[in-house]
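Engineer: next input, structure requested:
(one chain, ligands or ions: 1)
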Amino acid sequence: MDDDRTHFLVLGGGPAGVAAAIRASTLGARVTVVEKDIIGGAAHLWDCIPSKTMVASAHRRRNMRTAPQLGVPGVARDVDLPALNDRMERISNDISHGEVGMLESLGVERLEGWGKLTGPKSAVASTADGDVRIAFDLAVVSTGSAPRVPDWAQPDGRRVLTTRDAYGLDELPEHVVVVGSGVTGVEFVNIWASLGSKVTLVVSRQQVLPHRDPEVAAVLEEDFLERGVRLLKGARAVGVETTDSGVVVATDDGRRVEGSHVLLAIGSVPLTEGIGLDAAGVETDGGFIPVDQFNRTNVPHIYAAGDVTGQLPLSSVATVQGRKLAHHAMGRPTRPLDYRRVAQAIFTEPEIASVGLDEADAAAEGRRIRSTKVPFASNSRSVIQDATRGFVKLISDPATHEVLGGTIVGYRAADLIGIVALAVQARVHVEDVVDTIMVHPSLSESIAHAAD
Ligand SMILES: Cc1cc2nc3c(=O)[nH]c(=O)nc-3n(C[C@H](O)[C@H](O)[C@H](O)COP(=O)(O)OP(=O)(O)OC[C@H]3O[C@@H](n4cnc5c(N)ncnc54)[C@H](O)[C@@H]3O)c2cc1C
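Structural biologist: Predicted structure coming up:
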């Protein structure tokens, strides 16, 4: 039977691709997803889900260490790495199966294999059963990214690790040297330090999280130092050697750091090679695919979303891009995504989360702001939880009183920032935040106090 529905091709089934597939299908398209690994993408296999599952175990163990302070002595602190790894795999698979079920219930066709565009409206999927040719009306390229590997290191999956090798190790590393003090680097420092490994962090600048508010970085550094993490500041890694017992990392100031493992956390590169962009006429810039505000490439019926676009490399952003572009492609009204209002978090202890304008942005724009800050040390729930480190900072417009942004450093900051994100999105006034009666005792009270 002929199918006269619009045929929508999704190349890469990560967060961006799955969101686009679901939305395009519910809007009436016939959808084909080509995916070479698992539905859910790197986010499920190596990134968001496994790393946050490790964070949960690390957090639980750290809590046990401090439990005697809360009158709960004698709890075990051993780490059962195989059990942790099994749990991580189970959670990733369960979430992926849920998404596969959703796609199946919508009648989305799935092809397992490498996909490649062969022309502006044609593609091929190399599956185990041979090549499947696809003629499409609309497409989205959502093939994601992979860890950046420098020319001075050769990952071997055993001792020299990228973030993709960091899961499923047989034993807890004795001493990990983490290269890169951005979001991914500091998250792994927190994980391994909490699980009991010795950790050295190579920090190329003078502060961890070099692009963040110095007050935020200071809280994290204080925590790392308290836990015995060694910070090697102002040093760039320039070489890695493997030895019989481990690794030696050389830095540009002549230092040599020995460890059992090294983790390279120095960013990612887009996966846009070998997918036929030339054949389809899709332009790239530095490997990324430039898109307009609706995620259209230079070829109007071909969209791109997620990490390949070089915009904020977050699963949450990829998902919203995918959903919005499907609306646009299917001729439905949609608002462009506002990248300045994206809530972001770093899953360290304390957690770090932010949304909207910060003081540095305001200074760069020459914009007048009101900045108010409240420490969690004055919040009774924080005291009860034994989690007083950190603060809430709110940025508002002194003329209109609109909430423009906020930063939260502290226990559950990744969840709490949602309140501020909603305030920024809905252009709420500080008085409305002050008048919101939060639960007592709760961490959210600090948001209302910061607004006051
Ligand atoms: C360690 C780590 C932790 C992270 N944690 C978080 C977090 O907590 N929260 C957050 O929001 N973001 C997080 N991120 C970022 C997030 O993982 C990415 O931004 C997100 O996965 C991007 O989604 P995507 O759909 O663009 O690509 P991906 O998730 O990379 O999916 C792309 C898919 O395309 C497939 N593919 C590629 N080429 C082809 C081809 N030719 N044919 C068929 N299939 C193909 C791949 O197999 C993959 O499944 C983390 C990143 C890292 C590295």
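Engineer: list the contacts for the residue positioned nearest the centre of the chain?
Structural biologist: For the chain, the residue nearest the mean C-alpha position is Leu314 (4.5 Å; Cα atoms, centre = their mean). Shown in contact with Leu314 (Cβ atoms under 8 Å, 6 or more residues apart in numbering): 342, 344. Using the backbone N, CA and C atoms, a C-beta is placed for each residue, glycine as well.
Engineer: just the buried positions in stretch 377-385, please.
Structural biologist: 379, 381-382, 385 (16 or more other Cβ atoms under 10 Å).
Engineer: what's the span of stretch 162-169, first residue to last?
Structural biologist: End-to-end span of stretch 162-169 (Cα to Cα, to the nearest Å): 12 Å.
Engineer: name the nearest residue to whichever residue of the stretch 351-452 of the chain sits closest to the ligand, ignoring sequence neighbours.
Structural biologist: Nearest residue of the stretch 351-452 of the chain to the ligand (Cβ to the nearest ligand atom) works out as Ala414 at 8.6 Å. Take Ala414 and drop its neighbours on the chain: the residue closest to it by Cβ to Cβ, 6 or more residues apart in numbering is Ala345, 3.6 Å away.
Engineer: same thing with Ala451?
Structural biologist: Per Cβ to Cβ, 6+ apart, closest to Ala451 is Val433, 3.8 Å.
Engineer: report the contact partners of the one you found.
Structural biologist: Counting by Cβ under 8 Å, 6+ apart, Val433 has contacts 394, 403, 423, 447-448, 451.
Engineer: I'd assumed Val240 was in contact with Ala153.
Structural biologist: Yes: judged on Cβ atoms under 8 Å, Ala153 makes contact with Val240 at a distance of 4.2 Å.
Engineer: overlap in contacts of these two?
Structural biologist: Contacts common to Ala153 and Val240, judged by Cβ under 8 Å, 6+ apart, are 160, 262.
Engineer: helix, strand or coil: sort out the closest residue to Ser371 other than its chain neighbours for me.
Structural biologist: With Cβ to Cβ, 6+ apart as the criterion, Ser371 has its nearest non-adjacent residue at 5.4 Å, and that residue is Ile395. What DSSP: H, G, I helix; E, B strand; the rest coil gives for Ile395 is strand.
Engineer: okay, now Ile395: neighbour count?
Structural biologist: 26 (other Cβ atoms under 10 Å).
Engineer: if I've got this straight, Leu422 is in a helix?
Structural biologist: Yes: when three-state DSSP is applied, Leu422 is found to be in a helix.
Engineer: quick one: contacts for it?
Structural biologist: Val428.
Engineer: residues of the stretch 101-250 of the chain that sit close to the ligand?
Structural biologist: 114-115, 142-145, 163, 184 (Cβ under 6 Å from any ligand atom).
Engineer: ok, how many other residues are close to the residue in the stretch 201-350 of the chain positioned nearest to the ligand?
Structural biologist: The minimum distance from the stretch 201-350 of the chain to the ligand, using Cβ to the nearest ligand atom, falls at Gly306 (2.0 Å). Residues within reach of Gly306, counting by other Cβ under 10 Å, total 34.
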